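J.: sequence? don't have it. structure:
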């Protein structure tokens, strides 16, 4: 739709979006696709035409295959953690409409031998797989992001992030992660903890058309991108200190775990007061 909007001035509407979808589906079966759109308000007609090569160029410009590569890397990393290499994969099933795009099929063939790739029932396979799971097949779930806590980096005079739960961690977690914290000021009444979802900035891409020519501008970098999850008033306070805290020693122990519903839960123990301040409290649901 962006392409037709920029090249032909086509406006966005439920009808034009459906036409764009139909063009995409047609390209899975044939090299070139055409749809006719008539605007009943302006009485203008448009011939919407696109071929596979231009469609593939649009996918590349919007980093579609870069995201596929990143997702494939995550899946293979999780397999390696379970002792499974690429050679141990018996078959790769292409399911859903996107897997029918010829460029996507060609991308899969770059990663796996042709004889291992199956695409016999792309729209039935998901339902049949769900039925098999209901009959007792075990599925392990993993976290797709890393999570950490915010701290003050005195060396760089800014906030930094310390990872506590790494990407690919299976859940529910069998053992909690422990963290010791102390007060940073005299007579500190409480301790706050901001939890964030950690990511890596892969760069931005600007896409535009100069006449009929597609232009892209990319900028890449490795600056971490963090999404704070509990940085609201009241939500980040995890311990009220009675008596108040003083710098120089650990004051509390925090236990982190992820339950079967992906909730990050914390338990907070006060060493000085010899009591549990928070027990298995759900802070936020993770991705």
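T.: It's in. Source: prediction; values computed, not measured.
J.: Over to the most centrally placed residue in the chain. Which of the three states is it?
T.: Nearest residue to the geometric centre of the chain (CA atoms, centre = their mean): residue 144, 6.2 Å. Under DSSP: H, G, I helix; E, B strand; the rest coil, the three-state class of residue 144 is coil.
J.: Report pLDDT for it.
T.: pLDDT recorded at residue 144 is 80.
J.: Can you give me the distance of it to residue 93?
T.: Per CB to CB, to the nearest Å, residue 144 is found 20 Å from residue 93. In this view, the C-beta of every residue, glycine as well, is placed from N, C-alpha and C.
J.: coming back round to it: what's the residue nearest to the centre of the chain in contact with, if anything?
T.: 74, 167, 287 (CB atoms under 8 Å, 6 or more residues apart in numbering).
J.: How about residue 131?
T.: Counting by CB under 8 Å, 6+ apart, residue 131 makes contact with nothing.
J.: quick one: secondary structure of it?
T.: Taken by three-state DSSP, the conformation at residue 131 corresponds to helix.
J.: Numbering from 16 from now on, please.
T.: Yes, from this point I'll number from 16; that puts the last item at residue 146.
J.: Check the gap between it and residue 139 for me.
T.: 10 Å.
J.: what do you get for residue 70?
T.: In terms of CB to CB, residue 70 sits 26 Å off from residue 139.
J.: now stretch 52-64, how far from the chain's geometric center?
T.: Centroid separation for stretch 52-64 versus its chain: 38 Å, with CA atoms, centre = their mean, to the nearest Å.
J.: got a list of contacts for that stretch?
T.: The contact list for stretch 52-64 (CB under 8 Å, 6+ apart) reads 19, 23, 25-26, 30-31, 34-35, 38, 47-51.
J.: What of stretch 278-296?
T.: Stretch 278-296 is contacted from outside by 162, 180, 191, 210, 253-258, 260, 265-274, 297-301, using CB under 8 Å, 6+ apart.
J.: Looking at the residues you listed, which are in strands?
T.: 162, 180, 210, 253-258, 260, 267-273, 297-300 (DSSP state E).
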